[in-house]
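> please work out how this folds:
(one chain, ligands or ions: 1)
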Amino acid sequence: MKFDYDLFVIGGGSGGVRAARVTAALNNKRVALAEMDRYGGTCVIRGCVPKKLMVFASEFSSIFTESRSYGWDVQKDNGLNWNFFSEKLSAEVSRLEHIYRNLLKNSGVQTFDQHAKVINEHTVELATGEQFTSEYILLATGGKPDLPNIPGIDHVLTSDQIFSLSTLPQKLLIVGGGYIACEFASIFTGFGSKVTQFCRGETILRGFDREATSLVANQMKSNGVDLQYGVNVIEINNTENSFRITDNYGRVQDFDRILFATGRVPNSYGLQNGSAGLSVGDKGEIIVNKYSQSSIDSIYAIGDLTNRKQLTPIAIKEAMAFVQTAFVNNPTCLDYSSIPTAIFTKPEMGTVGLSEEVAAERGPVDIFTTYFKPMRSSFADNEEKSFIKLIVCKNSDRVLGVHIVAPGAGEMVQMAAIAVKMGATKKDFDNTVAVHPTISEEIVTMQKPVRSS
Ligand code: NDP
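Below you'll find the predicted structure:
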């Protein structure tokens with residue numbers, strides 16, 4: 001049977017764009033991609049990229065303060081020029097979107113700027129009603145914010161809107177204790193907003209190494225975040241000048257803006273018309289096997305839509321594995337172990353491998369930690385501490401986890417992740433010469449375990 005395309009991709013985010021252009025680069029492959037919103041997806045348009053630029057912008061307030069301890073005569077600044085920054089941010093996102101569009105065009109991918117849905121195993125229908133057939137269909141529509149059902153929830157912002165605020169909030173409430181909540185609590189504190197953060201549990205960044213996240217939490221508090229545990233919003237009302245919330249303790253407080261960062265769910269809405277027969281999980285995720293193949297052989301799904309690991313580099317790797325599997329006759333699946341990640345809080349956290357809690361449940365471990373004031377902070381009389389922790393298997397000497405809380409922790413953990421992935425032992429770390437004077441030299445100079453379990 002002759003199809004219109006070899007591959008039809010629905011969703012133009014990191015995963016979808018990568019799969020489309022890599023497939024199109026293969027010999028004579030005809031590829032199409034439909035995207036109803038802006039190209040680049042969550043990462044480029046309303047996630048990693050604008051977030052990281054906000055992190056850079058927010059860091060200057062502490063850099064200005066610190067610079068005085070180094071002899072710089074920085075005059076009292078007037079705070080962040082929000083209009084200047086947000087206009088520049090928006091222009092940068094548009095520039096990057098343009099690059100994504102060009103990447104597709106230059107690879108020969110046919111693009112459709114509209115919603116598409118699956119009709120059957122080889123047919124896709126656009127919002128215009130036009131239908132196309134394809135040998136393979138790849139679903140890569142990403143994720144979307146998940147909001148609890150509480151009165152007044154329509155008044156809150158999610159991470160989709162936080163990048164396009166017309167004014168900088170003076171008083172911001174952030175609900176959630178995950179990546180997004182903690183990163184924006186640090187960012188807006190750096191911008192000069194008064195940030196309150198409600199975390200429903202007893203800890204932020206649940207699931208990560210407890211010792212590392214406690215340090216992040218304590219330092220976020222020292223930096224000015226009013227971080228409160230065990231607090232839930234019960235109701236939100238819109239008053240004349242603010243948003244008024246009631247919490248589970250009956251307290252009533254007013255805020256300029258409220259950001260809910262309470263997790264993300266797969267964005268499968270409208271993807272199928274019901275007759276396609278794709279298996280879908282409780283959260284709307286497309287159920288796939290280890291090769292990202294759905295319950296229908298010719299339809300694959302990758303990225304946040306499959307609710308495996310909601311990270312851009314994972315979606316990209318899944319895209320590359322899909323191309324190998326479907327078009328290069330080389331079935332490829334991902335190894336989801338030891339995925340490094342960074343949380344761009346202040347202080348930043350980088351982590352790879354097992355937390356102490358998980359590692360100790362699996363077998364005996366030695367724990368190496370170092371907790372110190374880096375040279376730069378020390379000279380500036382800044383109280384911010386850095387922390388590095390290695391989790392080492394007692395039996396094999398393998399390093400099972402590396403957790404870093406320090407400026408540049410994300411950059412450091414990328415390197416440590418190679419060693420962990422290769423199965424490096426503590427002896428390998430010890431045999432590595434330190435780079436001096438750096439924060440990361442502590443990774444290879446820790447001598448004695450602080451405890452064993
Ligand atoms: P997370 O899953 O990381 O965190 C969700 C948070 O919301 C948790 O603290 C959770 O609490 C809390 N929560 C859930 N439901 C409610 C509720 N009804 N009321 C109050 N609190 C609630 O989600 P995020 O939205 O922060 O981020 C989504 C994903 O995006 C991340 O998992 C990550 O994969 C990705 N991401 C990655 C980044 C990076 O790589 N730097 C940056 C940003 C996002 P509890 O712990 O009690 O469940």
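> residues of the stretch 101-250 of the chain that sit close to the ligand?
Residues of the stretch 101-250 of the chain lying close to the ligand by Cβ under 6 Å from any ligand atom are 148, 175-181, 183, 200-201, 206, 232. Any C-beta I mention is one placed from the backbone N, CA and C, and that applies to glycine too.
> contacting residues around the closest residue to the ligand within the stretch 301-450 of the chain?
Distance from the ligand to each residue of the stretch 301-450 of the chain (Cβ to the nearest ligand atom) is smallest for Q310, at 3.5 Å. Applying Cβ atoms under 8 Å, 6 or more residues apart in numbering to Q310 gives the contacts 143, 264, 304.
> let's see that with 6 Å instead.
Shown in contact with Q310 (Cβ atoms under 6 Å, 6 or more residues apart in numbering): D304.
> and A140, by the same measure?
11, 15-16, 302-303.
> 7 Å - rerun?
The neighbours of A140, taking Cβ atoms under 7 Å, 6 or more residues apart in numbering as the test, are 9-11, 13, 15-16, 19, 302-303, 305.
> nearest to the ligand among the residues you listed?
G303 (11.2 Å).
> what about that closest one, distance to A24?
Taking Cβ to Cβ, to the nearest Å as the measure, G303 falls 19 Å from A24.
> got it, and K144?
Where A24 is concerned, K144 sits at a distance of 27 Å (Cβ to Cβ).
> over to N431?
For N431, the distance to A24 (Cβ to Cβ) stands at 46 Å.
> of those two, who's got more company?
Neighbours of N431 and A24, each counted by other Cβ atoms under 10 Å, are more numerous for A24; the result is 21 against 10.
> I'd say the more buried one and L104 touch.
No - taking contacts as Cβ atoms under 7 Å, A24 lies outside contact range of L104: 8.1 Å.
> for the nearest residue to T341 once chain neighbours are set aside, pull up the helix or strand it's in.
Take T341 and drop its neighbours on the chain: the residue closest to it by Cβ to Cβ, 6 or more residues apart in numbering is T351, 6.0 Å away. Assigned by DSSP states H and E, T351 falls within strand 349-353.
> remind me what that strand packs against, helices and strands.
Judged by 3 or more Cβ pairs under 7 Å, 6 or more residues apart in numbering; DSSP states H and E, strand 349-353 is in contact with helix 210-222, strand 341-343, strand 399-405, helix 409-422.
> please name the residues that touch the residue nearest to the spatial centre of the chain.
Nearest to the centroid of the C-alpha atoms of the chain, with distances taken as Cα atoms, centre = their mean, sits L311, at 5.4 Å. By Cβ under 7 Å, 6+ apart, L311 lies in contact with 339, 341.
> any idea how far T425 lies from D4?
T425 is 54 Å from D4, by Cβ to Cβ.
> now D256
51 Å.
> circling back to that earlier point, got the phi and psi for the residue of the stretch 301-450 of the chain closest to the ligand?
phi -80, psi 70 (degrees, to the nearest 10).
> quick one on the thing from earlier: dump the contacts of A140 to TSV, plus distance to the ligand and neighbour count.
As requested, the contacts of A140 are exported to TSV (distance: Cβ to the nearest ligand atom, whole Å; neighbours: other Cβ atoms under 10 Å):
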residue	distance to the ligand	neighbour count
V9	22	36
I10	21	26
G11	16	30
G13	13	33
G15	14	33
G16	17	28
A19	20	33
I302	15	32
G303	11	36
L305	13	28
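> show me where the stretch 251-400 of the chain has strands.
252-255, 257-260, 264-266, 299-301, 341-343, 349-353, 365-372, 386-393, 399-405 (DSSP state E, counting those that start in this stretch).
> can you report phi and psi for Y5?
Torsion angles at Y5 (phi, psi; degrees, to the nearest 10) stand at phi -130, psi 160.
> contacting residues around it?
30-32, 132, 134.
> which SSE is the residue nearest to it when sequence neighbours are not counted in?
Counting by Cβ to Cβ, 6+ apart, S134 is the residue found nearest to Y5 once chain neighbours are left out, at 4.1 Å. Per DSSP H and E, S134 falls inside strand 131-139.
> ok, back up a step: what's near enough to touch the residue nearest to Y5?
With the criterion set at Cβ under 7 Å, 6+ apart, S134 makes contact with 3-8, 122, 124.
> what pLDDT does the residue in the chain that the ligand sits nearest to get?
Distance from the ligand to each residue of the chain (Cβ to the nearest ligand atom) is smallest for G178, at 1.9 Å. We have a pLDDT of 98 for G178.
> those helices in the stretch 151-300 of the chain, which residues are they?
Counting by DSSP state H, counting those that start in this stretch, one finds helices in the stretch 151-300 of the chain at the ranges 179-191, 210-222.
> ok and the last one relative to strand 365-372, angle-wise?
It refers to helix 210-222. Relative orientation of helix 210-222 and strand 365-372, computed by axes from the mean of the first three to the mean of the last three Cα atoms, to 10 degrees: 20 degrees.
> which parts of helix 210-222 are buried?
211-213, 215-217, 219-220 (16 or more other Cβ atoms under 10 Å).
> redo those as CSV? Include distance to Y371.
Shown next, in CSV, are the buried residues of helix 210-222 (distance: Cβ to Cβ, whole Å):
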residue, distance to Y371
E211, 9
A212, 11
T213, 14
L215, 8
V216, 13
A217, 15
Q219, 12
M220, 17
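> for the residues you listed, which two are the farthest from each other?
E211 and M220 (15.3 Å; Cβ to Cβ).
> give me the beta-bridge partners of I10?
Beta bridges link I10 to A34, L139 when assigned by DSSP bridges.
> surely it is in contact with E35?
No - when contacts are counted by Cβ under 7 Å, I10 is not listed as touching E35 (8.1 Å).
> what about this protein, any weak spots by pLDDT?
Where the chain drops to pLDDT under 70, the residues are 1, 76-77, 272-275.
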